[in-house]
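>>> when you get a sec, could you give me coordinates for this:
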Amino acid sequence: MAQKHALVTGGAGFIGAHLVRALIARGFRVTVWDNLHTGRKKNLEGLGDAVFFDNIDIRDSKAASLETLKHGKPDVIFNLACPASPPHYQKDPIYTWETSVLGVRNLLFLAESCGAMLLHASTSEIYGDPQVHPQPESYWGNVNPIGVRSCYDEGKRAAETLCADYRRHKNLDVRIFRIFNTYGEFMHPDDGRVISNFCVAALTQKPLPVYGSGQQTRSFCYVSDLVEGILLLAQLPRELYDGPVNLGNPGEFTILELVKLLEKILGRTLAIEYHPLPADDPKMRRPDISRAKSLLGWQPQVMLEEGLRRTLEYFAAELGVSYG
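So this is what the prediction gives:
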């Protein structure tokens, strides 16, 4: 893939910023489209002329078009443009749904006009509050279509439908990866997901917010592992791709186990403040990564304790507080 041109939508976001750096390291020219709704321009600092940035809202069909590309047609498009944490995507649910569906439609038009491969970031949230555990790609999910989370859950499900239909009916090279609870550097301190909430609270000497009993489970994937999986999927020969691929760490932890691990790392007891469980919050989440292992030869390398140490160091620097 060396010397090719990549377009990364949502490239100033948490995962996008890591993907941009990985692409540059592999010799790509990279164009970033991001309207900074949740992304931050500072996430791209230090990259200089290696990346071209345009403030683009992919919902806008005129803006998200071939005419906007100042540095030539992309060979590959990575779509990561959408708020991904519940507080952010619920803040403006209509925006979230439109980004997920109308934005993806515009990028599919663009990929078709460029002859580009499109890799679409979907989510474990398409499985909803699962009744199958762990979740394989063949599971269709258990999603409330009119709940407070459905702007994201159903938006991403509809986006997958569009991608699959473009692949079937227009022979477009579209590939879907489903992200499970990723964490690491470049997360916003106000991200709103459990690891950022816990790290920021612990570093600022505040109680950790635990929702429900804390017995619900999550599987946490460090961001460098996720990015490696995305790039392996991009390199996969076209004829071998036959459907969505889960990318996540199958290590499963309760929320209270996460608290204990943070206490171990920090060497002190952490106060907890309990809150009601939000509506439609999944009770358990763990990816079946059999397909990723067999298709991509991929599995996570960074264990949760090591990833948390790195993430705590990042947040300490962001917040200007001591750590360690």
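>>> Three-state assignment for His18, please.
Assigned state for His18: helix (three-state reduction, DSSP: H, G, I helix; E, B strand; the rest coil).
>>> in contact with it, which residues?
His18 is in contact with Gly184, Glu185, Phe186, Val223, Ser224, Leu226, Val227, counting by Cβ atoms under 8 Å, 6 or more residues apart in numbering. Bear in mind the C-beta positions are built from the backbone N, C-alpha and C, glycine included.
>>> if you tally nearby residues, what's the number for the nearest residue to the fifth one once chain neighbours are set aside?
For Ser224, ignoring the flanking residues on the chain, the nearest one in space by Cβ to Cβ, 6 or more residues apart in numbering is Val302 at 6.4 Å. Here the count is done by other Cβ atoms under 10 Å, and Val302 has 18 residues near it.
>>> from what I can see Val302 touches Leu226, true?
No. Using Cβ atoms under 8 Å as the test, Val302 is too far from Leu226 to be in contact (10.0 Å).
>>> just confirm Cys163 is within a helix.
Yes. The assignment for Cys163 (three-state DSSP) places it in a helix.
>>> for the closest residue to it other than its chain neighbours, what are phi and psi?
In space, and not counting its chain neighbours, Cys163 is closest to Val174: 4.5 Å by Cβ to Cβ, 6+ apart. Backbone torsions of Val174, given as degrees, to the nearest 10, read phi -120, psi 130.
>>> in this structure Val174 contacts Asp165, no?
No. Val174 lies out of contact with Asp165 (Cβ under 8 Å); the separation is 9.3 Å.
>>> the two: which is more packed in?
Set Val174 next to Asp165 and count neighbours by other Cβ under 10 Å: Val174 wins out with 26 against 13.
>>> helix or strand right after the helix or strand of the chain with the lowest mean pLDDT?
Within the chain, no helix or strand scores below helix 86-91, which has a mean of 89 by mean pLDDT, DSSP states H and E. The helix or strand immediately downstream of helix 86-91 is helix 93-114, counting by DSSP states H and E.
>>> related to what we said a few turns ago, which residues touch the residue nearest to Ser224?
Here Val302 is in contact with Tyr222, Ser224, Asp225 (criterion: Cβ under 8 Å, 6+ apart).
>>> in the stretch 151-300 of the chain, which spans are strands?
Assigned by DSSP state E, counting those that start in this stretch, the strands in the stretch 151-300 of the chain fall at 174-179, 182-183, 208-211, 217-219, 221-222, 245-247, 252-254, 272-275.
>>> just checking the distance from stretch 60-71 to the centre of its chain.
Computed by Cα atoms, centre = their mean, to the nearest Å, the chain-centroid distance of stretch 60-71 equals 23 Å.
>>> in that stretch, which residues are buried?
Using 16 or more other Cβ atoms under 10 Å as the test for burial, stretch 60-71 gives Ala63, Ala64, Leu69.
>>> quick one: terminal-to-terminal distance for it?
20 Å (Cα to Cα, to the nearest Å).
>>> show me where pLDDT drops low in this protein?
Within the chain, the stretches with pLDDT under 70 are 1-3, 324.
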